[in-house]
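Trainee: Sequence and predicted structure below; questions after.
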Amino acid sequence: MNRVLVLFGALALGASFGAAAAERIQLIEHADTDTVTDLGAKGDSVGDLLTFANPVYDATNKTKLGSDQGYCVRVNVGKSWECFWTLMLKDGEITVEGPFYDSSDSVMVITGGTGKYAGAKGDMKLHARDSKGSSYDFVYELL
């Protein structure tokens, strides 16, 4: 019985150490390929599809670190999309899912990852760098 308690305690202690090891990744996405496919009623409408495969750069916007790709479905005309995408970096990939707001910052959930980021969780904050939507700040907060 004592071995079971010791083993359980060691596992619980190890889990708490893992949770404390957070990582912050700050990136800038260049929205070069964003394309909206009009699938609903003509014009901006529920069901339209936004697809992309864009380069991502470091926080200084000088060094390309990888790329992202994904899609968003229009769910609230003129207000928001529901998105899913994958960030691809040298050491692995990170997936996110959540709302992309037309006129305010967004926070998406990190749903997983591969390589160095296997089992990733946390959130990703998205901020438009200009009113044209030509580039975005992404801040990944990994737990």
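Mentor: Nice, I can see it.
Trainee: measure the residue positioned nearest the centre of the chain to K125 for me?
Mentor: Note on the chain: the residue nearest the mean C-alpha position is V96, at 3.8 Å, using C-alpha atoms, centre = their mean. Distance from V96 to K125, counting by C-beta to C-beta, to the nearest Å: 10 Å. Where C-beta positions appear, they are placed from N, C-alpha and C, glycine not excepted.
Trainee: now swap in S103 and tell me
Mentor: Distance of S103 to K125, given as C-beta to C-beta: 16 Å.
Trainee: the more surrounded of the two?
Mentor: Looking at S103 and K125 with other C-beta atoms under 10 Å, you find the greater number of neighbours at K125, namely 14 against 9.
Trainee: my guess is that one meets F138, correct?
Mentor: Yes. At 7.4 Å, K125 counts as touching F138 under the criterion of C-beta atoms under 8 Å.
Trainee: how many neighbours does A120 have?
Mentor: For A120, the count of nearby residues is 22 (other C-beta under 10 Å).
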